[in-house]
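Q: give me the fold of what follows.
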Amino acid sequence: MSARKLGTTAFRGLQLAFVGMVIVHVLTGWDYAVWWDLLPLVLAYVVITVTNRWGGTPDAPGVAREPLEVAVPVTGRWSALNSPADRTPSHGVHAHGQTYAIDVLAEPEPGARPAFAWFWPLARPPRNFPAFDAPVLAVADATVVRVTDGQRDHLSRTSLPGLLYLMLVEGSIREMAGVHRLLGNHVVLDLGDGTHAAYAHLQRGSLTVREGDRVRAGQVIARCGNSGNSSEPHLHFQLMDGPDPDAARGVPFTWHGIGVPRNGETFEAPPTVTARA
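A: Purely as a prediction, here's the structure:
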């Protein structure tokens with residue numbers, strides 16, 4: 001087990017220890033200071049902070065790695081969120097190989113996505129969002145090395161109460177449950193030369209590949225969904241230096257003809273002639 005994998009495993013174990021101690025304290029009424037219950041939680045975040053500071057890239061200190069150019073994983077008009085063009089790590093942490101991850105949301109036309117609601121409606125069905133059911137494409141000729149399916153496509157979290165619930169409650173529970181609950185239904189491709197592409201939050205039952213399959217660039221491998229730690233249907237895409245997000249480090253990328261779109265920037269991904277289910 002790698003040091004990064006060990007760190008994330010210890011983080012989840014300490015979180016579970018915190019929950020267990022609180023439950024035992026409440027049920028038994030043990031006579032000790034409440035702050036002792038917080039000790040595993042404090043240790044958990046010390047561990048994950050140290051783990052996240054073990055460099056976000058697989059490069060030597062002070063040596064920048066050139067972005068790997070790959071095809072665009074979607075087609076049509078989309079916008080970027082949590083882009084590495086604006087900051088790294090793009091999602092605030094190096095954990096799970098996310099240093100250079102990007103989220104993209106379908107924007108077929110202005111106003112096509114339901115707007116964020118402060119209080120109502122609390123949530124919306126995933127089919128209300130144009131990204132849901134959009135095809136997801138292989139970014140290069142590759143081998144499928146990891147496939148996880150079966151998790152439901154839940155309601156959106158695009159209201160203030162819904163977003164707070166996702167950040168403060170649901171996200172923590174998913175973190176303790178493991179990376180598969182964060183990514184939801186997902187696929188990892190081996191692009192060769194030690195680089196892997198991960199696609200997350202895919203639609204349940206839409207995956208068209210199995211582990212060991214060979215895919216071609218532009219091939220449809222799944223459809224966009226809203227599984228895992230997701231606020232609304234979108235695609236989370238990242239490159240990393242291994243097949244296991246818990247142990248991998250992020251690898252920078254750039255998309256053919258597009259580069260890396262910035263937060264809020266819309267881009268048009270041309271149809272691919274090799275796309276097939």
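
Q: what segments of the protein are helices?
A: Under the criterion DSSP state H, the chain carries helices at the ranges 3-28, 35-52, 160-165, 171-177, 179-183.

Q: weakest of those in terms of mean pLDDT?
A: Per-stretch mean pLDDT for the helices of the chain is lowest at helix 35-52 (a mean of 66).

Q: for the stretch 151-277 of the chain, which residues score under the pLDDT cut-off?
A: Residue ranges of the stretch 151-277 of the chain with pLDDT under 70: 272-277.

Q: what about Phe267, neighbour count?
A: The number of residues packed near Phe267 is 20, by other Cβ atoms under 10 Å. (Each C-beta comes from the backbone N, C-alpha and C, glycine too.)

Q: same check, this time on Thr208
A: Around Thr208 there are 16 residues (other Cβ under 10 Å).

Q: ok, it to Val187 distance?
A: 10 Å (Cβ to Cβ, to the nearest Å).

Q: what is in contact with those two at once?
A: Taking Cβ atoms under 8 Å, 6 or more residues apart in numbering as the contact rule, the neighbours common to Thr208 and Val187 are 221-222.

Q: ok, which stretches of this protein are strands?
A: Along the chain, the segments classed as strands by DSSP state E run 68-70, 76-81, 102-106, 135-137, 142-148, 185-192, 195-202, 214-215, 220-223, 235-240, 250-251, 253-255, 266-269.

Q: how is the protein partitioned into domains?
A: 3-52, 68-269 (automatic domain parsing).

Q: what sits against Pro243?
A: 145-146, 188, 190, 196 are the contacts of Pro243 under Cβ under 8 Å, 6+ apart.

Q: nearest residue to it other than its sequence neighbours?
A: Excluding the flanking residues, the one nearest Pro243 by Cβ to Cβ, 6 or more residues apart in numbering is Val145, at 4.7 Å.

Q: same check, this time on Glu66
A: Per Cβ to Cβ, 6+ apart, closest to Glu66 is Pro252, 7.6 Å.

Q: and for that neighbour, the neighbour number?
A: Residues lying near Pro252 (other Cβ under 10 Å) number 18.

Q: is it true that it touches Glu69?
A: No. Pro252 is beyond contact range of Glu69, at 10.3 Å (criterion: Cβ atoms under 8 Å).

Q: Phe119: neighbour count?
A: Counted with other Cβ under 10 Å, Phe119 comes out at 9.

Q: ok now do it, which residues does it touch?
A: 159-161.

Q: ok, the residue nearest to Glu66 - contacts?
A: 57, 65-68, 84, 100, 239.

Q: and these, which are buried?
A: 57, 67-68, 84, 100, 239 (16 or more other Cβ atoms under 10 Å).

Q: of those, which is the nearest to Gln203?
A: Leu239 (21.9 Å; Cβ to Cβ).

Q: and that closest one, how far from Arg124?
A: From Leu239 to Arg124 the distance is 31 Å (Cβ to Cβ).

Q: and Ala131, by the same measure?
A: In terms of Cβ to Cβ, Ala131 sits 13 Å off from Arg124.

Q: where do the contact lists of those two overlap?
A: Contacts common to Ala131 and Arg124, judged by Cβ under 8 Å, 6+ apart, are Glu232.

Q: go through stretch 245-257 and flag the buried ones.
A: Taking 16+ other Cβ under 10 Å as the criterion, stretch 245-257 shows 245-255 as buried.
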